[in-house]
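Novice: heads up, no residue letters with this:
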DNA sequence: GCGCAGAACGAACGATCGTGCTTTTTTGTA
DNA sequence: TACAAAAAAGCACGATCGTTCGTTCTGCGC
């Protein structure tokens, strides 16, 4: 049963790439099969329905996201270092990963009002991820490294905004300064959260 | 030639709604015609191709955006009031407008790597809009209301992030606190930009 | 070597996609 | 009121969509 899993994995790999460019519904079984030099029906048999395929693609991408972003970041010491690791690895994910940008960003906009199990699964993943960010901030507060007035949920939404703005500036507008500005925005966010005694380590962040 | 323009307008109205939910490529001529109780070919004759329809939809939405957001905001006095008007009207647009959220957000993610005239038109619109924000900040600086170190381009990307994060939190996650957090993020952004003598008028923004 | 399960295939299905035609209906005006 | 122009409809096309079915190939335990 190793052969089946092998092709299944390579299907999901390529499917995630395609979906990040064309969306989960723009992803088509026929063209996916062509690219992998499989028959449509042979590929189809692995999943049984397109909806199942879409969910498995999300699942597959989430596993990789956890491996490349979440888990390594959580190994960093709590407080600013861990937050910075989250940000940098997340940025790398959005930058280097698939050619079509982050699959979750594409899926989030595509599914935001299309009810169904695919959307439900995506929402669950996003909530999980925001929870990781929130808990990281909360832990930093409890450790005395972040101000007690800092708001974890606010920080999480703000950080998400930094990443989405990067995605927009870099991918749609092809702005070469997008990453630099994302970093500056993140540092400003972080500087506002750390306690004065743990002043920012990097150069002063004056603008915005 | 009034009748033709009438139906054409109502086609574009409904098409913009549909496209905000299903995307510009998810938008389908057949279903659009059904909803408007037109024949597929009758509707099609107005545009000649689906690509033209997509571009006209963008054009149509951009005109409405200018009318509802840009122009009114530019009538406010320069500096913080104008910036606040931009933000609030933009937020209203994303909130109230079409049932599927902001069409430009959907299109931005959908088209970010699908070259062609539709993408080109969208990029032009987005650049224009970011330019308005940048110039607004720049004018505020020149008027002495914003710090001279403030970075207009940085502010524009950051503000875009606030809006995108709102969109994500409100539309995908159905977070009822999304708008409140977006406002807080905006006020923090603004507070960091205004000159100390023009201190924030609203309550102190401590968190984040 | 035989038999069996899983994997892949080829062909076909109904539906719908965007897009051409030709014909009919509606509209504005002389 | 008649008539040209514009708008809408009707019909058909090739392609592609997701899906189903029966068949063939492949690898592995007995």
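Specialist: It's in. These figures come from a predicted structure and were not determined experimentally.

Novice: contacts, neighbours, all on C-alpha from now
Specialist: Noted.

Novice: what's the neighbour count on residue A:98?
Specialist: 18 (other CA atoms under 10 Å in any protein chain shown).

Novice: against DNA strand D, how distant is it?
Specialist: Relative to DNA strand D, residue A:98 is positioned 20 Å away (CA to the nearest atom of the strand, to the nearest Å).

Novice: likewise for residue A:106?
Specialist: For residue A:106 relative to DNA strand D (CA to the nearest atom of the strand), the value is 17 Å.

Novice: contact partners for that residue?
Specialist: By CA atoms under 8 Å, 6 or more residues apart in numbering or on different chains, the contact list for residue A:106 reads A:20, A:21, A:23, B:109, B:110.

Novice: which of the residues you listed are buried?
Specialist: A:20, A:21, A:23, B:109, B:110 (16 or more other CA atoms under 10 Å in any protein chain shown).

Novice: which one of the residues you listed is nearest to residue A:62?
Specialist: Of all these, residue A:62 sits closest to residue A:20, with 13.0 Å by CA to CA.

Novice: what is the helix-or-strand element of chain A with minimal mean pLDDT packed up against?
Specialist: Least confident helix or strand of chain A, by mean pLDDT, DSSP states H and E, is helix A:2-22 with a mean of 90. Secondary-structure packing of helix A:2-22 (3 or more CA pairs under 8 Å, 6 or more residues apart in numbering or on different chains; DSSP states H and E): helix A:29-35, helix A:50-65, helix A:103-111.

Novice: quick one: that helix to chain centroid distance?
Specialist: 18 Å (CA atoms, centre = their mean, to the nearest Å).

Novice: likewise for stretch A:78-86?
Specialist: 16 Å.

Novice: which positions within it qualify as buried?
Specialist: A:78, A:79, A:80, A:82, A:83, A:84, A:85, A:86.

Novice: now swap in stretch A:28-41 and tell me
Specialist: For stretch A:28-41, burial by neighbour count (16+ other CA under 10 Å) applies to A:28, A:29, A:32, A:33, A:38, A:40.

Novice: equivalent analysis for stretch A:130-149, please.
Specialist: Buried-residue list, stretch A:130-149, by 16+ other CA under 10 Å: A:130, A:132-134, A:136-141, A:145-148.

Novice: keep only those of the residues you listed that are in helices.
Specialist: Using DSSP state H, the subset of the buried residues of stretch A:130-149 located in helices is A:130, A:132, A:133, A:134, A:136, A:137, A:138, A:139, A:140, A:141.

Novice: shaky segments in chain A?
Specialist: For chain A, the stretches flagged by pLDDT under 70 are A:1-3, A:197-208.

Novice: residues from it in reach of DNA strand D?
Specialist: A:25, A:27-31, A:40-41, A:44-45, A:48-51 (CA under 7 Å from any atom of the strand).

Novice: gap between residue A:74 and residue A:94?
Specialist: 18 Å (CA to CA, to the nearest Å).

Novice: of these two, who's got more company?
Specialist: Ranked by neighbour count (other CA under 10 Å), residue A:74 and residue A:94 place residue A:94 first, with 23 against 16.

Novice: and that one, that's in a strand?
Specialist: No - for residue A:94, which was evaluated using DSSP: H, G, I helix; E, B strand; the rest coil, the result is helix, with no strand membership.

Novice: what sits against it?
Specialist: Residue A:94 makes contact with A:101, A:102, A:167, according to CA under 8 Å, 6+ apart.

Novice: pull out the buried residues from those residues.
Specialist: A:101, A:102, A:167.

Novice: where does the first one land in three-state SS?
Specialist: Per three-state DSSP, the local secondary structure of residue A:101 is coil.

Novice: phi, psi of it?
Specialist: phi 80, psi -170 (degrees, to the nearest 10).

Novice: I figured it hits residue A:170, correct?
Specialist: No - in this structure, residue A:101 is not within contact of residue A:170 by CA atoms under 8 Å, at 9.5 Å.

Novice: now do residue A:163 against residue A:138, distance only.
Specialist: Residue A:163 is 20 Å from residue A:138, by CA to CA.

Novice: that older thread, could I get the buried residues of stretch A:28-41 as a markdown table with distance to DNA strand C?
Specialist: Below are those laid out as a markdown table (distance: CA to the nearest atom of the strand, whole Å):
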| residue | distance to DNA strand C |
| --- | --- |
| A:28 | 13 |
| A:29 | 11 |
| A:32 | 11 |
| A:33 | 8 |
| A:38 | 3 |
| A:40 | 7 |
